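Novice: I'd like to go over a predicted model; first the sequence, then the structure.
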Amino acid sequence: MKHKPLAKIATTTLTALACGCATTENMVDEDGHFLLQNDNLRIVMPNPTADVPYYQGRRFTLPGMVIAADWQGTPLFTQIGSPRNPLHHDHVGGTAEEFDINGPAGYEQTPVGGSFMKIGVGFLERESDANYRFSHLYPIVQKPDNSVRRIDGQTLRFVQTLREEDGERGYRLEIKVELRGNGFNLVRSLQNLGRQTLTTEHYSHNFSLIGRLEVGPGYRVEWQTPVEIATANTREGTLIADENTIRFTRAPEGAYYYASAAGSGLPADEPIRLVQENAGLSLAIASDRPLHRIAIWGRPDVICPEPFVKLSIEPGETEQWTTSYTIEPLIGLD
């Protein structure tokens, strides 16, 4: 498998070496995925311009996806699907971001045979009168353009652009992945290249499994500000869920789901904290803008804290928002 941008990435080696934060050996792994690493943390990102991309479904945004993160040798994320099918809607791992899980704006107005815009994926064909389904493999009418640039040994910048020839619809999405000493940031900007207001809801799925320890009593999810609960599938007592905590009494036997009501989220910079007591670690996920809602989805082999934000962008304007991931020892947190 060939990965076209690798030669371009290699040209930045001198810059990375000059800052003392990268070497030629840690730029890509054996699968052609990009790497960022320091003394404590190693993160892995697929190449969205590869001849055969890691993910080819119609749901998640491939640029900027962090599919693996290891803290001092302890894995934080997991990947779904065995054997993995790159066309399957959720055979991905890690941060896995999506725009408009409940349907892109304009889908209902799109006639059968017409195209609708799925940010992060492209212009897709509406095949029938059926409601939008995030799991459906809609035909691609127009793919976006993707590019990658290594800013330095600690930062990669992914840019995706999609625009119709007549300029009626389009966007420019930039995602910078910034490595920190105890975590990483996903810094995004979304520019509306179309002629109408662009409204969208964005979230990160965050397929997590700290230390590869299956979901059960060693896990909990917590946040400070109480939320209004819209859904809490407790699996007949498997979960204990309240306004700011989810705990497990035993290992779940199937999928579970928790969601706050729309408009009942968290203030800016307040984290959702995923705790794994047996691993002695927590993963804190925080947004620099208020969350519109939060959700927790999972199975015995995965747990996913999901922060949602709402965006409304006028033509030509740009919105920016950042999600920070911070790894913390449990000492002092309980």
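Specialist: Arrived safely.

Novice: Let's see the distance spanning stretch 72-83 from one end to the other.
Specialist: 28 Å (Cα to Cα, to the nearest Å).

Novice: Enumerate every residue touching Ser312.
Specialist: Applying Cβ atoms under 8 Å, 6 or more residues apart in numbering to Ser312 gives the contacts 197-199. C-beta here means a position set from N, CA and C on the backbone, and glycine is covered the same way.

Novice: And those residues, which is closest to Val44?
Specialist: Leu198 (30.6 Å; Cβ to Cβ).

Novice: what's the closest of the contacts of Ser312 to Thr318?
Specialist: In terms of Cβ to Cβ, no member of the contacts of Ser312 lies closer to Thr318 than Leu198, at 10.4 Å.

Novice: Can you list the low-confidence ranges for the protein?
Specialist: 1-26, 332-334 (pLDDT under 70).

Novice: Please enumerate the helices of it.
Specialist: In the chain, the helices defined using DSSP state H lie at 6-10, 13-19.

Novice: can you count the residues close to Ser208?
Specialist: Using other Cβ atoms under 10 Å, Ser208 has 25 other residues around it.

Novice: Return the set of residues that bridge with it.
Specialist: Phe77, Ile303 (DSSP bridges).

Novice: now the contacts of Ser312 as TSV including distance to Asp90 and neighbour count?
Specialist: Conversion of the contacts of Ser312 to TSV gives the following (distance: Cβ to Cβ, whole Å; neighbours: other Cβ atoms under 10 Å):
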residue	distance to Asp90	neighbour count
Thr197	30	12
Leu198	25	23
Thr199	24	14
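
Novice: Of those, which is the nearest to Pro63?
Specialist: Nearest member of those to Pro63, counting by Cβ to Cβ, is Leu198, at 17.9 Å.

Novice: Could you pull up the contacting residues of the residue nearest to Gly81 when sequence neighbours are not counted?
Specialist: Excluding the flanking residues, the one nearest Gly81 by Cβ to Cβ, 6 or more residues apart in numbering is His91, at 3.2 Å. Taking Cβ under 8 Å, 6+ apart, we find His91 in contact with 55, 57, 79-81, 84-85.
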